[in-house]
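Chemist: the following comprises the amino acid sequence and a computationally predicted model.
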Number of protein chains: 2
Amino acid sequence: MGKVVTSEVLRFMTDCFKSVGANAKAAEQQAELLLRADRMGHPSHGLNRLELYINDIIKGACQPNNQPKVLKQSASTAWVDANNVLGATASHFGMDLAIKKARDTGVGWVTVKGSNHNGMAGFWAQKASDQGFIGMAFTNTSPLMAPTRSKKQALGTNPLSVVAPASQGESFYLDMATTAVAVGKIEMQLRKGEPLPHGWAQGPDGKETTDARLAFDTCCLMPLGGGEKTSGYKGFGLAAMVELFCGISSGSNYGHHVRSWSHSGAGGPANLGHCFVAIDPENFAPGFKDRLTESIQHWRQLEPTDPKLPVQAPGDKEKALARQSDARGTVSYVKQQIESSAALAKRLQVKPMDVVLDD
Amino acid sequence: MGKVVTSEVLRFMTDCFKSVGANAKAAEQQAELLLRADRMGHPSHGLNRLELYINDIIKGACQPNNQPKVLKQSASTAWVDANNVLGATASHFGMDLAIKKARDTGVGWVTVKGSNHNGMAGFWAQKASDQGFIGMAFTNTSPLMAPTRSKKQALGTNPLSVVAPASQGESFYLDMATTAVAVGKIEMQLRKGEPLPHGWAQGPDGKETTDARLAFDTCCLMPLGGGEKTSGYKGFGLAAMVELFCGISSGSNYGHHVRSWSHSGAGGPANLGHCFVAIDPENFAPGFKDRLTESIQHWRQLEPTDPKLPVQAPGDKEKALARQSDARGTVSYVKQQIESSAALAKRLQVKPMDVVLDD
């Protein structure tokens, strides 16, 4: 493990994006998106992904200095072509539009095609919530999940996020893949040498497996809910719903047409689809924020089954990790991540991250 | 088992509602809602619930001849007080408004307070889809689900539904409780004398139980995803999201404030909250319906893990059951249901259902 001062992580990632030609704003916005994931304890969506985006730019699969364009709009909707910019540029554009429309009509619903990975979905829903709206964000991703009864993958981890402002400094924060878990969790079990719980992953025969190595190599995730008996078809339905809002609505690549995960930027533009929604809660009953806070605090105060494991409201874990990271002023990375970042710095001729070793 | 001609079920339920004072339109709409659930293979939401609604009307907890009222509206949103009418009356009113606004601005988002159970969520999303929109429907319900780590219930089964029109006679149909299963499924295991799968229900000690009798008596459901290791907190988050859209937005009863299930109409008005959304897919990329159909047909054609169990698209099961029921022209009910309907007919002095015995 190594620790890096938060501002230094931002500096490093921004420099990397600039070094391959991204303009300052695009570079900073993408770096900020990745940093937030690291601060909130989702390292799979942070610095870990930097090289993937860099490679996409180098190969021309991503063109960070293009401008997203509105193709069609109505009072409350917009259809956007991201023109292959970085996911952060596309998503700021999309959510800004949704917020503007929500200000005018109460709701904004924006779909985006021609985009790239846009990181942690919660970042985008949070953006709307920071301005007083209920924010929702959806994105499609590369096929990794097998629909219930299917031997093979057909949909991505297709995350959805809903964030809403509450009183007393609280907020509702839900950011979840519609698979039972992300691939990173399988990797962690593999490293620990532990079997997987039921309902996480399938082997090459299409049957559930608890063998972490087999699951990692097969990379075929089960939907939220696991197998059919435990209602995994609901998780499949949710992933399909996300695709309906993203690729099927926006005309981007969708479902099985989305390119496979590629670390090397091969396979051409990702042409991913996103969906951004903003809703003004003030348009409904007065007292929204107070009822939300009362609910959140009620959940936390429920008697836990195990006294050592208090009930957490959605997002409590992520917020606590961000608070800890911010109090320390540093972000922690595993050794492998520190090393690959150093190698990337060398390759791009960027000043390497200044790493503070663990105490 | 007994079979009843479909139109006779509708006649009987309509007569029951009229016998306790509901006007013809309210009675027919509520009967049609319940019948659809029976036809689609969700008997828990059909004739099975008739007596509950009747008792609510008799006790004055539901006032079927009131008029819902718009309390506040903007171009794309409306806040409605259902004034304690039947769930079907409230929901037709809410979804009609959402569709009207979607026609004008691209999106309609309507929250409703002061309502009663509004049956199968899919009925309402389907209503929007039938008119060419992506429809969404949400409702809160009585507390039955324990948030992850909690010993006790704090949220309902809080269903969500998304229905969208596709080409070639296809449609996307997702209608799901955000719990792993509904109570009815536990009852079925109990009748069969079989243990529960993992991740369905908790016992009185707050721990997962596979004992069907204990689970049925405790009536404490686990969220979609089951326990914490299998990401049950995502199902909890989804149930909380539904409550955010319904009770927390509309100012109805919400979460732990919703009255318990009551078969006798005790406990006063339910004051439930709903949310109805309509989105015009024509506002985004042309070809929405074709991409959706291509996806649905792709899912169905995926190689199944077990050749005897073909992959089903969301809603395939419900649609097939409705087709079978409609081809027969009858609806099937278990003996107990037939008997309790006969008793209800006697109590209300309504002509009993004409039952065709099973062959």
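Modeler: Nice, I can see it. What you are looking at is a predicted structure, and each value in this text was computed from that prediction instead of being measured. Numbering: from 1, shown residues only, chains lettered A, B, ... in the order given.
Chemist: contacts for stretch A:294-312, please.
Modeler: If you take C-beta atoms under 8 Å, 6 or more residues apart in numbering or on different chains as the criterion, stretch A:294-312 is touched by A:166, A:170, A:172, A:313, A:316, B:147-152, B:154, B:202, B:205-207, B:233, B:240, B:243, B:248, B:254-256. All C-beta spots, glycine's among them, are computed from the backbone N, C-alpha and C.
Chemist: look at residue A:204 and say how many residues are nearby.
Modeler: When neighbours are defined as other C-beta atoms under 10 Å in any protein chain shown, residue A:204 has 12 of them.
Chemist: that one and residue A:218 touch, don't they?
Modeler: Yes: using C-beta atoms under 8 Å, residue A:204 makes contact with residue A:218 at a distance of 5.2 Å.
Chemist: ok so residue A:3 is a strand residue?
Modeler: Yes: counting by DSSP: H, G, I helix; E, B strand; the rest coil, one finds residue A:3 located in a strand.
Chemist: for stretch A:172-188, what is the average pLDDT?
Modeler: What stretch A:172-188 shows for mean pLDDT is 94.
Chemist: show me which residues of that stretch are buried.
Modeler: Residues of stretch A:172-188 classed as buried by neighbour count (16 or more other C-beta atoms under 10 Å in any protein chain shown): A:172-183, A:185-186.
Chemist: ok, residue A:273 to chain B distance?
Modeler: Look at residue A:273 and chain B: by C-beta to the nearest C-beta, to the nearest Å, they are 9 Å apart.
Chemist: which of the three states applies to that residue?
Modeler: At residue A:273 the chain is in strand, as set by three-state DSSP.
Chemist: tell me which residues of whichever strand or helix holds residue A:341 come out buried.
Modeler: If you go by DSSP states H and E, residue A:341 is part of helix A:335-348. In terms of neighbour count (16+ other C-beta under 10 Å), helix A:335-348 has its buried residues at A:337, A:338, A:340, A:341, A:344, A:345, A:348.
Chemist: out of the contacts of stretch A:294-312, which are buried?
Modeler: Buried, going by 16+ other C-beta under 10 Å: A:166, A:170, A:172, A:313, A:316, B:147-152, B:154, B:202, B:206, B:233, B:240, B:243, B:248, B:254-256, out of the contacts of stretch A:294-312.
Chemist: next to chain B, which bits of the stretch 251-359 of chain A? Give me the list.
Modeler: Residues of the stretch 251-359 of chain A lying close to chain B by C-beta under 8 Å from any C-beta of the partner chain are A:251, A:254-256, A:279-281, A:283-288, A:291-292, A:295, A:298-299, A:302-306, A:309-314.
Chemist: can you list contacts of the helix holding residue A:341?
Modeler: Counting by C-beta under 8 Å, 6+ apart, A:1-2, A:4, A:12, A:16, A:19-20, A:43, A:47-48, A:50-51, A:54, A:333, A:350-353, A:355 sit against helix A:335-348.
Chemist: just the ones in helices from the buried residues of stretch A:172-188, please.
Modeler: A:183, A:185, A:186 (DSSP state H).
Chemist: separation between the last one and chain B?
Modeler: In this view, residue A:186 and chain B are 13 Å apart by C-beta to the nearest C-beta.
Chemist: ChimeraX command for the buried members of the contacts of helix A:335-348?
Modeler: A single ChimeraX command selects the buried members of these (16+ other C-beta under 10 Å):
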select /A:2,4,12,16,19,20,43,47,48,50,51,54,333,350,353,355
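Chemist: just checking, which of the contacts of helix A:335-348 belong to strands?
Modeler: Residues of the contacts of helix A:335-348 located in strands (DSSP state E): A:2, A:4, A:333, A:355.
Chemist: from chain B, how far off is the first one?
Modeler: It refers to residue A:2. 29 Å.
Chemist: how about the third one?
Modeler: When C-beta to the nearest C-beta is the yardstick, residue A:333 and chain B sit 25 Å from each other.
Chemist: contacting residues around the residue sitting nearest the centre point of chain A?
Modeler: With distances taken as C-alpha atoms, centre = their mean, the residue of chain A nearest its centroid is residue A:120 (2.2 Å). Residues in contact with residue A:120, defined by C-beta under 8 Å, 6+ apart, are A:33, A:36, A:37, A:40, A:42, A:45, A:161, A:175.
Chemist: again with residue A:151
Modeler: With C-beta under 8 Å, 6+ apart, residue A:151 has these contacts: A:202, A:205, A:206, B:302, B:303, B:304, B:305.
Chemist: is stretch A:33-43 up against chain B anywhere?
Modeler: No: on the criterion C-beta under 8 Å from any C-beta, stretch A:33-43 is out of touch with chain B, staying 13.9 Å away.
Chemist: mean confidence for that stretch?
Modeler: 95.
Chemist: so residue A:293 sits against residue A:164, correct?
Modeler: No: with contact defined as C-beta under 8 Å, residue A:293 does not reach residue A:164; the gap is 10.6 Å.
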